[in-house]
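K.L.:
Got a predicted structure plus its sequence, pasted below:
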Amino acid sequence: MKLSTKARYAVLALVDLVMNSKKVQGKFVPISLIDIAERQNISQQYLEQLFSKLRRADVVKSVRGQNGGYFLAAPSCDFSISQIVDAVDEPIKSTKCDPNSDLSCQGKHSKCLSHHLWIGMEKTIRTYLNTVTLKDVVDQRPMPLSILTHASHNDDTIQEACHVL
């Protein structure tokens, strides 16, 4: 499974925005998309599309004019990565199935035998992205301990279940 370019670039651009934010007289100075585009080697036009969506989702605020640009609408710890992914309208999907249909990815039969595996993976990824904030990414914090603890506990449970069989 691969996270979309929109989602990856949105997170990357917002990390850049946070890392380059400055306050003057208690107010954030807007960061231009030209600057972000140059630093991150992302098309300015592509960033304009992403930031338009991020603005509508109240993730960023914009300032127009010659010294215009963007700044976060709230502290970076207030935004989970899943909020950012959702803001740019990118679903986290590992199957082509319509969740509201009984048909398979090919539209011919019932769901495939491994369908629940992939749906479970999507839910796990969503849970993880809900626990990681933009600030965590900026600070380069490791995966939350709760996820690691939960994963290692499940591995032990699986190993025990396999030995019982």
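P.N.:
Cool, the structure landed.
K.L.:
Which stretches in the chain count as strands?
P.N.:
23-24, 27-28, 60-63, 69-72 (DSSP state E).
K.L.:
Okay, buried residues for the third one please.
P.N.:
When you say that, I think you mean strand 60-63. Residues of strand 60-63 classed as buried: Val60 (neighbour count, 16 or more other CB atoms under 10 Å). The way it works is simple: take the backbone N, C-alpha and C, and place the C-beta from them, glycine included.
K.L.:
who's in contact with that strand?
P.N.:
Identification of contacts with strand 60-63 by CB atoms under 8 Å, 6 or more residues apart in numbering yields Leu14, Leu17, Pro30, Phe51, Leu54, Arg55, Gly68, Gly69, Tyr70, Phe71, Leu72, Ala73.
K.L.:
Same list, the strands of the chain, but as a markdown table with distance to Leu3 and mean pLDDT please.
P.N.:
Converted to a markdown table, the strands of the chain look like this (distance: least, CB to CB, whole Å; pLDDT from 0 to 100):
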| stretch | distance to Leu3 | mean pLDDT |
| --- | --- | --- |
| strand 23-24 | 32 | 88 |
| strand 27-28 | 28 | 88 |
| strand 60-63 | 20 | 95 |
| strand 69-72 | 21 | 96 |
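K.L.:
Dump these into TSV; add distance to Gly120 as well.
P.N.:
Formatted as TSV, the strands of the chain follow (distance: least, CB to CB, whole Å):
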stretch	distance to Gly120
strand 23-24	43
strand 27-28	40
strand 60-63	33
strand 69-72	33
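K.L.:
For Val138, see how far away Leu3 is.
P.N.:
Between Leu3 and Val138 the computed distance is 18 Å (CB to CB, to the nearest Å).
K.L.:
ok, these two, which is more surrounded?
P.N.:
Val138 (17 against 14; other CB atoms under 10 Å).
K.L.:
Which residue comes closest to that one once chain neighbours are left out?
P.N.:
With sequence-adjacent residues excluded and distances taken as CB to CB, 6 or more residues apart in numbering, Val138 is closest to Val18, at 4.9 Å.
K.L.:
Need the pLDDT of the one you found.
P.N.:
Predicted confidence (pLDDT) at Val18: the value is 96.
K.L.:
and what of Val29?
P.N.:
91.
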